[in-house]
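Trainee: give me the fold of what follows.
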Amino acid sequence: MAVETRTLPLRAGDHVVQFYRDDADLARVAGGYVAAAVRAGEVAIVIATAGHRRAFERELEAAGLDLAAARRRGSLILLDAAGTLAVFTIDGGIDRAAFRTVIGGLVGEMVRSGRPVRAYGEMVALLWESGDVLGAIELETLWNELGRELPFSLFCAYPDSSTSDTLHSHELQRICELHSSVVVPAAGVEDDDPATAGSEVVFDLAGEPAAPGEARRLVRDALGRWSGAGVIDGGVIDDAVYVVSELATNAVRHVGAPFSVAVRLRPRDRLLRLSVRDASRTGLDAVEAEPGRGLGLVARLARDWGVEVATDGKIVWAELVSAGR
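Mentor: Below you'll find the model as predicted:
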């Protein structure tokens, strides 16, 4: 059984946040995001601490990329997080006009070059760790405003250790809501491919009778960590595990071949999307909600659910509210 973490390709307007366990975790996921931009000839703007910039450079070199050539082409722009933050911080607060001039000017210039732009930033993490959580929220908001005007994707990162306390749980929830996707490390999940690491946790399982039970365990572990980080309401875990169990059981019963279970958080909508994908269209007619049992109960628990025909099979999905409104 392979267990991995994946993400859908980031598009202009996407704003992802990673809560990372350690620097190796950050370099693997965020470094893969930066490497993908450089490899594709896009523009990667990296605003990070000196240590993290060196970690990203090692990731890029390990991926076989020529850093000097990337800088000459303008594909890789490296800036110091504290120094850049200081430029638009006036009298201890973030100056909106200065942010627009400094960050908006840089991103705008790169966008006008005609190449896709990916930005990575951890200035927000510096604010949070210094105790200025409202400043972090304000800066995230300014990034979003800029994202509505200019086509670029943005990846932010916070150390898991600095956001795990309950004192600022409301503010942490607000941080999550300001992002299109949240990357939270799931217990026991390792990511072997930095180019595919990201916001959707995916478990590949064999189409055997024991698979639904394994799916329940893996999803409960993943959601338990997300709940502990304050990203989802713990009350949704039991419902999510039940839904995954039914979808996985359906795949084993009607297909009997390997399948994958995906768990993805949509923080802006406060939704948790669960899906089971298999490589067969067999059983499409069997995916029906029978009242009072099986998928009928899934329909009752889920905000919405359905079936999508994929090029290599089908996807049965369900969405649950991930936090109280």
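Trainee: how far does stretch 50-63 sit from its chain's centre?
Mentor: 20 Å (CA atoms, centre = their mean, to the nearest Å).
Trainee: same thing with stretch 248-261?
Mentor: The answer for stretch 248-261 is 26 Å, by CA atoms, centre = their mean.
Trainee: could you pull out the helices for this protein?
Mentor: 23-39, 50-62, 67-73, 81-87, 96-99, 105-112, 123-129, 133-149, 160-163, 169-177, 211-228, 237-254, 295-301 (DSSP state H).
Trainee: among those helices, which comes closest to V261?
Mentor: Proximity to V261 (CB to CB) singles out helix 211-228 among the helices of the chain, at 4.9 Å. Backbone N, C-alpha and C define where each C-beta goes, glycine included.
Trainee: buried residues in that closest one?
Mentor: Using 16 or more other CB atoms under 10 Å as the test for burial, helix 211-228 gives 211-212, 214-216, 218-219, 222-223, 225-227.
Trainee: nearest to N250 among these?
Mentor: Nearest to N250 among the buried residues of helix 211-228, with distances taken as CB to CB, is P212, at 9.1 Å.
Trainee: what sits against the nearest residue to the closest one once chain neighbours are set aside?
Mentor: Computed as CB to CB, 6 or more residues apart in numbering, the closest residue to P212 that is not its neighbour in sequence is A248, at 4.1 Å. By CB atoms under 8 Å, 6 or more residues apart in numbering, the contact list for A248 reads 205, 211-212, 215-216, 259, 261, 276.
Trainee: circling back: quick one: which of the helices of the chain is nearest G13?
Mentor: helix 133-149 (5.8 Å).
Trainee: what's that closest one in contact with?
Mentor: Counting by CB under 8 Å, 6+ apart, 13, 15, 93-94, 96, 99-100, 103-104, 107, 121, 123-125, 127-128, 154, 156, 168, 171, 174-175, 178-179 sit against helix 133-149.
Trainee: just the CA atoms of that helix, as CSV, please.
Mentor: The C-alpha trace of helix 133-149 is given here as CSV (Å, rounded to 0.1, in the frame of the first residue of the first chain):
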residue,chain,number,x,y,z
VAL,A,133,-1.3,37.6,15.2
LEU,A,134,-3.6,40.4,14.0
GLY,A,135,-0.7,41.7,11.9
ALA,A,136,-0.4,38.2,10.3
ILE,A,137,-4.1,38.2,9.5
GLU,A,138,-3.9,41.8,8.1
LEU,A,139,-1.0,40.8,5.8
GLU,A,140,-2.8,37.6,4.6
THR,A,141,-5.7,39.9,3.8
LEU,A,142,-3.5,42.3,1.8
TRP,A,143,-2.1,39.3,-0.2
ASN,A,144,-5.6,38.2,-1.0
GLU,A,145,-6.6,41.7,-2.2
LEU,A,146,-3.5,41.7,-4.4
GLY,A,147,-4.5,38.3,-5.7
ARG,A,148,-7.8,39.6,-6.9
GLU,A,149,-6.0,42.1,-9.0
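Trainee: and the gap between D22 and A125?
Mentor: Here the criterion is CB to CB, to the nearest Å. By it, D22 lies 14 Å from A125.
Trainee: and if you look at R216?
Mentor: Taken as CB to CB, the span from R216 to A125 is 34 Å.
Trainee: and the gap between V261 and R216?
Mentor: For V261 relative to R216 (CB to CB), the value is 10 Å.
Trainee: which neighbours do the two share?
Mentor: 244, 248.
Trainee: and the helices of the chain as JSON lines, adding mean pLDDT?
Mentor: Converted to JSON lines, these look like this (pLDDT from 0 to 100):
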{"stretch": "helix 23-39", "mean pLDDT": "87"}
{"stretch": "helix 50-62", "mean pLDDT": "93"}
{"stretch": "helix 67-73", "mean pLDDT": "94"}
{"stretch": "helix 81-87", "mean pLDDT": "97"}
{"stretch": "helix 96-99", "mean pLDDT": "97"}
{"stretch": "helix 105-112", "mean pLDDT": "97"}
{"stretch": "helix 123-129", "mean pLDDT": "96"}
{"stretch": "helix 133-149", "mean pLDDT": "96"}
{"stretch": "helix 160-163", "mean pLDDT": "81"}
{"stretch": "helix 169-177", "mean pLDDT": "82"}
{"stretch": "helix 211-228", "mean pLDDT": "84"}
{"stretch": "helix 237-254", "mean pLDDT": "90"}
{"stretch": "helix 295-301", "mean pLDDT": "83"}
